[in-house]
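# Let me see the structure of the following:
(chains A and B)
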Amino acid sequence: MRSILQIISLLSLIALTLPSVLFLAGRLELDMVKWIMILATIVWFVTASLWMWKDNGEGQQETG
Amino acid sequence: MDTEQQSQTKSEFEREPVPKSALLGFKSFIGMYAGEHCAGTELMLGPLFVAAGVSAFDLIIGLLLGNALAVLSWMFMCAPIATRSRLTLYYQLEKICGRKLVILYNLANGVMFCFLAGAMVTVSATALGVWFRFKMPGLNDLYPNSVGWVVAVAVAGGLIAIVAAYGYQTVAKFANIAAPWMVLVFLVFGFVGLRQFIEATGTEIGSLSDVWHLAKTQIWKGGPPQEGQVKFTFWHVTFFAWFCNMAMHIGMSDLSVFRFARKSWYGVASGAGMYVGHFMAWISASILYAYQLHLNPADTDVLPGPLAYRAAGLVGLLCVIIAGWTTANPTIYRAGLAFQALSPKSSRFKVTLITGAIATIAGMFPAIAMKLLGFVALYGLVLMPMGAVIFVDFWLIRKFGMQSYYAELSGKTFNWAAGLAWFVTLAIAWVLVKFAGVQIFFVSLPGWFVAAILYIVLSKFYQKKLRPDAVQ
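The predicted structure is shown next:
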């Protein structure tokens, strides 16, 4: 189950980025890019939370 | 880093060297640095480079060089001491400077953290402006300029402070989950901004040299800065990239991090943070602002919310809010910890809330965010002299016939040699900036040598009487 969630998470990050590459190449409209990014973001936060939440403790720090 | 292990070991080894069994591998440091240095403030800093009139060559090459110097500073200044002493910054400072001087250092650190958190709250509040359409501050605004802005910052900062006080660990967990997503959204900003430039200028891209031509002539054109901004040259960019985290590498804050490293060369892991956060993210954010100026040269406002929304819609806004929130959260928490050292019996909850309130009030004043380039340079400068003191105390002071860890050996609670080295260095830096026309971005380098020499000379006079039982 964990492996499946990790694969879906990874795919969602690819789905987050790939449309902007296609937009850069002139192959996709920006509105479509934004919609795909919303879906990819939802999938990422749902699936990543399921397998990352327990692994994480203390986190980040500020920078400039 | 295995964060559960990290927090456990942190509490275990605050006043003793980290044992071999608790050391961490190289990959732990890569992940930690990549996440830490992609923060909400990157969305301000990138655009501010453009507002400072930077040219393409100066920006790209300056960032490559400056970030390399920062990585080398972690590798050769901070990590070698960390992996030999394996102590936290605070315990090492206490041994050298004494408890009371460390409290003063904590106070300075806490104040700087508060203002930095304020800038992060400002970043988050600009996202609310896209939804609620209140008047937001301009590039040269120093004070809040609308009721809507004050309310937005109060709401964003208030929520951040309350959550930090109640559930720091929960937000920290969320921040770890958000980090990879956030890094990629920054990358998307760059891709989208670049395409928007290509379309807006009608440029034909057939090779990398076409991209470079676009960058030079349309994105980072150089020329005079925006009104009220300092002109940034190659050297400004280089020194800024090198010293924006000066408190952490040359200032030795990250002794607390690298004490867990098996080898000192793990310091190279900081490169993940530098070239993701302080190269890719700055460049991406700067493209968004340059595009805004391209569309309307009179629209000089540096507002991450609208910039991100134009490029990536709702996800862009979410990125601005999460970037500001997840990085302000530990900053407020750490500022609270620093202040709590002044009064250890006070409640952590109350101190964090009060710290958050101060950061929120600071965030209402756009001066901090709009002058973030100068503020970040100041942040490094203020804490740098103590890094020089640690460096000299660890490597050099015995060669001059004096003792390391003088406060511990003598039983003093305030090492005046270290204290004066700190204060006098800052006073000299202030004089150089105020009266000699040296810009704040450049005083830290000579300042380090001033602090180091002062500490050696002052220690010569100061180290007279050691605790008899401590002398070997």
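
# Stretch B:124-140 and chain A in contact?
No. If you take Cβ under 8 Å from any Cβ of the partner chain as the test, stretch B:124-140 misses chain A, and the best it gets is 13.3 Å. For the C-beta atoms, the positions are set from N, CA and C on the backbone; glycine is no exception.

# How far does that stretch sit from its chain's centre?
For stretch B:124-140, the separation from the chain centroid amounts to 24 Å (computed by Cα atoms, centre = their mean, to the nearest Å).

# Just to check, B:Trp149 is in contact with B:Gly138?
No. Using Cβ atoms under 8 Å, B:Trp149 is not in contact with B:Gly138, being 11.1 Å away.

# Of these two, which one has the most company?
The neighbour comparison of B:Trp149 against B:Gly138 (other Cβ atoms under 10 Å in any protein chain shown) goes to B:Trp149, with 24 against 15.

# what sits against the more buried one?
Each residue near B:Trp149 by Cβ atoms under 8 Å, 6 or more residues apart in numbering or on different chains is listed here: B:Ala125, B:Gly129, B:Phe134, B:Lys135, B:Met136, B:Pro137, B:Met364.

# neighbours of B:Phe461, just the number please.
9.

# Determine the set of other helices and strands touching the helix or strand encompassing it.
Taking DSSP states H and E as the definition, B:Phe461 sits inside helix B:440-462. Packed against helix B:440-462 by the contact rule (3 or more Cβ pairs under 8 Å, 6 or more residues apart in numbering or on different chains; DSSP states H and E) you find helix B:234-243, helix B:372-391, helix B:416-435.

# if you set the cut-off to 10 Å instead, what comes out?
helix B:234-243, helix B:372-391, helix B:406-410, helix B:416-435 (3 or more Cβ pairs under 10 Å, 6 or more residues apart in numbering or on different chains; DSSP states H and E).

# returning to what we had before: take the contacts of B:Trp149 and keep only those in helices.
B:Ala125, B:Gly129, B:Met364 (DSSP state H).

# In chain A, mark out all the helices, start to finish.
Going by DSSP H, chain A shows helices at A:2-24, A:30-52.

# Mean pLDDT and mean neighbour count added to those helices, as JSON lines?
Below are those laid out as JSON lines (pLDDT from 0 to 100; neighbours: other Cβ atoms under 10 Å in any protein chain shown):
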{"stretch": "helix A:2-24", "mean pLDDT": "97", "mean neighbour count": "17"}
{"stretch": "helix A:30-52", "mean pLDDT": "97", "mean neighbour count": "18"}
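
# Now tabulate these in JSON lines and tack on distance to B:Val457.
Shown next, in JSON lines, are the helices of chain A (distance: least, Cβ to Cβ, whole Å):
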{"stretch": "helix A:2-24", "distance to B:Val457": "54"}
{"stretch": "helix A:30-52", "distance to B:Val457": "52"}
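
# which one of the contacts of B:Trp149 has the most neighbours?
Counting neighbours by other Cβ under 10 Å, B:Ala125 leads the contacts of B:Trp149 with 33 neighbours.

# ok, now which ones touch that one?
Residues in contact with B:Ala125, defined by Cβ atoms under 10 Å, 6 or more residues apart in numbering or on different chains, are B:134, B:136-137, B:148-157, B:303-305, B:320-321, B:324, B:360, B:363-364, B:366, B:369.

# One more pass at 8 Å, please.
Applying Cβ under 8 Å, 6+ apart, the residues near B:Ala125 are B:Trp149, B:Ala152, B:Val153, B:Ala156, B:Gly157, B:Gly305, B:Gly324, B:Gly363.

# same check, this time on B:Ala388
B:Ala388 sits next to B:Ile250, B:Ala421, B:Thr425, B:Trp448, B:Phe449, B:Ala451, B:Ala452, B:Tyr455 when contact means Cβ under 8 Å, 6+ apart.

# Also B:Met120?
Applying Cβ under 8 Å, 6+ apart to B:Met120 gives the contacts A:Glu62, B:Ala39, B:Gly40, B:Thr41, B:Gly324, B:Trp325, B:Thr327, B:Ala328, B:Thr331, B:Gly363.

# try it again with 6 Å
B:Gly40, B:Gly324, B:Thr327, B:Ala328 (Cβ atoms under 6 Å, 6 or more residues apart in numbering or on different chains).

# Mind telling me what element the second one is part of?
Following DSSP H and E, one finds B:Gly324 within helix B:304-340.

# what's around the residue in chain B that chain A sits nearest to, how many residues?
Closest residue of chain B to chain A, Cβ to the nearest Cβ: B:Ala172 (3.1 Å). Other residues lying near B:Ala172 total 22 when counted by other Cβ under 10 Å.

# where does it land in three-state SS?
Under DSSP: H, G, I helix; E, B strand; the rest coil, B:Ala172 falls in the helix class.

# Count the residues that sit near the residue nearest to B:Met120 when sequence neighbours are not counted.
Spatial nearest neighbour of B:Met120, excluding adjacent residues (Cβ to Cβ, 6 or more residues apart in numbering or on different chains): B:Ala328 at 3.7 Å. By other Cβ under 10 Å, 35 other residues sit near B:Ala328.

# Distance check, B:Glu42 against B:Leu373.
12 Å (Cβ to Cβ, to the nearest Å).

# With B:Arg195 instead?
28 Å.

# and what of B:Thr217?
24 Å.

# which one of those two has more residues nearby?
Counting neighbours by other Cβ under 10 Å for B:Thr217 and for B:Leu373 shows that B:Leu373 has the greater number, 23 against 13.

# Looking at that one now. What's its pLDDT?
pLDDT for B:Leu373: 95.

# Now do the same contact list for the residue nearest to the spatial centre of chain A.
The residue lying closest to the centre of chain A (Cα atoms, centre = their mean) is A:Leu13, at 3.2 Å. Contacts were defined as Cβ under 6 Å, 6+ apart; by that measure A:Leu13 touches B:Leu184.
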